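In: Quick one: sequence plus predicted model below, questions after.
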Amino acid sequence: MQDTTDTNERQTEDLPLTGVEVVEVAEGVAGPYCGRLLAAFGATVVKVERPPQGDWSRRIGPSLSDDSPSESSALYLYNNMGKKSVLLDWETESGMDDLVSLVSKADIFIEDWDCGYRETTGISAERLIPEDRGPINLCVTPFGLTGPYSRWKSSPIVQLALGGYLNIMGSPFKEPLMLPGRQPDYLTGLNAYNAVQMALWERAMDGHGQFVEVSMLETLTNLHQATLEMDGNVRMRNGHRQSALSTRAFPPGLATLPAEDGNVTFGGGSVAIWEQVCLMLGREDIVANSDLDDVAGFADLADEMERILITWMKGRTKKDVFMEASRDWMLPVAPVLELDEVLADPQFNDRGLFQDVDHPVAGIATYPTLPFVTSGTVPTLGRAPLLGEHTKEVLGR
């Protein structure tokens, strides 16, 4: 892992977003994650937090320090790396004046004010951003600012349910399973980052900012690249097998199954992959005795193939199975890793995905860098700010 304890001292003049000024009032994950990506590529991101507690994610555990949990929330630390924190109550008249002043000098303004908040506070986009040559206004909300759900509250499980994802996770004979974490928010933040890049490009062409709206629900719905399975049936929950088609046993045996020390998942959706699995198992007879044109005829073979695979894996660790199947037989197979195994995985570490960053309260911790790489540009990962740490520097008081 690379050590970035002195990352704040790095020179960033060669980063592509150096000189871009960002004001962020968004809280939680989606908007701040977008700001984190902008900061990593050189943008100056001023995170405006309302007193007395700041961004609500500061109060979400786990915390890396028992002495000061609000300064060491793992969620806050991750999504606010490399930013400056300004303590400012924009719900007061003087605070709004200060925010207007900050936004007027910015290139990008990131907010997550939904319809209800805009109505109860009387916040006006027109006051913050002039129509002509204003900054890019990025609005990130669960449902968008229009439509029947626009005033409703949300959470990750609500997004996954409405987006159709709970319906395809888990056993077909049981209730749906929740995807842990805040995946809808992170995907929305990544989409927001891409949208802002396009808006910056357009601003460079015509000198005008624009309003950019990103919805979490629409982000999830756009990920359904195929609503149908290979046999034309609608996708449903498939349990430990990879698809509804494999639930009816094709390709047989391609599922998540136990090795000696954990689970291994066998993927793939073609006859060729299934034949290769049989060759690996030394069971050419199964292929020879099967009618590959009769998909329905594989139904009786599915459970038998799973038993054969489980027997073959006895005495083998999940790493043993992974190496033999992937490296030697070129099959799409993977161990089901625990989080500590992910941190130690040689693929991630060979590509420098994880870096150590020092924080004055939380100490040194390991963070993922970015989900993409570019040639010739090494992004910076500064630490997350303390609450109001840069108020005097930014506001002069």
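Out: It's in.
In: tell me the mean pLDDT for the helix or strand containing Glu119?
Out: Secondary structure assigned from DSSP states H and E places Glu119 in helix 115-121. Averaging pLDDT along helix 115-121 gives 89.
In: next one: it to chain centre, how far?
Out: In terms of C-alpha atoms, centre = their mean, to the nearest Å, the centre of helix 115-121 is set 28 Å apart from its chain centre.
In: which residues touch that helix?
Out: Residues outside helix 115-121 that contact it (C-beta atoms under 8 Å, 6 or more residues apart in numbering): 91, 113, 123, 145, 150-151. (Each C-beta comes from the backbone N, C-alpha and C, glycine too.)
In: which of these sit farthest apart?
Out: Glu91 and Ser150 (21.1 Å; C-beta to C-beta).
In: Show me the chain divided up by domain.
Out: Per the record's domain assignment (automatic domain parsing), the chain is made up of the domains 2-223+345-395, 244-337.
In: so how far is Arg118 from Cys34?
Out: 20 Å (C-beta to C-beta, to the nearest Å).
In: for Arg151, that is, sorry about that
Out: 10 Å.
In: could you show me where the strands are in this structure, in order?
Out: 2-3, 21-24, 44-49, 84-87, 108-111, 136-141, 211-215, 256-258, 263-266, 333-335, 354-359, 363-368 (DSSP state E).
In: Residues in contact with the fourth one: which ones?
Out: It refers to strand 84-87. 44-51, 54, 102, 385-391, 393-395.
In: and those, which of them are in helices?
Out: Secondary structure assignment by DSSP state H places 102, 391, 393-395 of the contacts of strand 84-87 in helices.
In: can those residues go into CSV with extra columns for pLDDT?
Out: Converted to CSV, those look like this (pLDDT from 0 to 100):
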residue, pLDDT
Leu102, 95
Thr391, 97
Glu393, 96
Val394, 96
Leu395, 94
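In: Any buried residues in stretch 271-291, and which?
Out: 273-278, 280-281, 283, 286, 290 (16 or more other C-beta atoms under 10 Å).
In: Ok, stretch 193-212 next?
Out: 193, 195-196, 199-200, 203, 209, 212.
In: tell me the two of these that are most distant?
Out: Tyr193 and Gly209 (16.5 Å).
In: In TSV, list the domains of the chain along with distance to Met236.
Out: Shown next, in TSV, are the domains of the chain (distance: least, C-beta to C-beta, whole Å):
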stretch	distance to Met236
domain 2-223+345-395	6
domain 244-337	5
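In: Mind telling me which of those domains the model trusts least?
Out: domain 244-337 (a mean of 83).
In: And that one, how far out from the chain middle?
Out: Distance, centroid of domain 244-337 to centroid of chain: 30 Å (C-alpha atoms, centre = their mean).
In: One more: stretch 182-199?
Out: 9 Å.
In: then that stretch to CSV, C-alphas only?
Out: C-alpha atoms of stretch 182-199 as CSV (Å, rounded to 0.1, in the frame of the first residue of the first chain):
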residue,chain,number,x,y,z
ARG,A,182,-25.0,2.7,0.5
GLN,A,183,-24.5,1.4,-3.1
PRO,A,184,-27.2,3.5,-4.7
ASP,A,185,-25.6,6.7,-3.2
TYR,A,186,-22.1,5.8,-4.5
LEU,A,187,-23.4,5.0,-8.0
THR,A,188,-25.3,8.3,-8.0
GLY,A,189,-22.2,10.2,-6.9
LEU,A,190,-20.2,8.6,-9.7
ASN,A,191,-22.9,9.5,-12.3
ALA,A,192,-22.9,13.0,-10.9
TYR,A,193,-19.2,13.3,-11.3
ASN,A,194,-19.5,12.2,-15.0
ALA,A,195,-22.4,14.7,-15.5
VAL,A,196,-20.3,17.5,-14.0
GLN,A,197,-17.4,16.8,-16.3
MET,A,198,-19.7,17.2,-19.3
ALA,A,199,-21.1,20.4,-17.9
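In: Just the residues contacting it, thanks.
Out: Residues outside stretch 182-199 that contact it (C-beta under 8 Å, 6+ apart) are 28-34, 36-38, 108, 110, 136, 138, 140, 156, 159-160, 163, 209-210, 212, 214-216, 219-220, 223, 371.
In: Please give the number of neighbouring residues around the nearest residue to Gly181 once chain neighbours are set aside.
Out: Once flanking residues are discounted, Gly181 sits nearest to Pro156: 7.3 Å by C-beta to C-beta, 6 or more residues apart in numbering. Neighbourhood size, Pro156 [other C-beta atoms under 10 Å]: 19.
In: State the distance from Pro156 to Val86.
Out: When Pro156 is compared with Val86 (using C-beta to C-beta), they lie 28 Å apart.
In: Ok, Leu128 next?
Out: From Leu128 to Val86 the distance is 16 Å (C-beta to C-beta).
In: Between those two, which is the more surrounded one?
Out: Under the neighbour definition other C-beta under 10 Å, Leu128 and Val86 were set side by side, and Val86 has more, 25 against 21.
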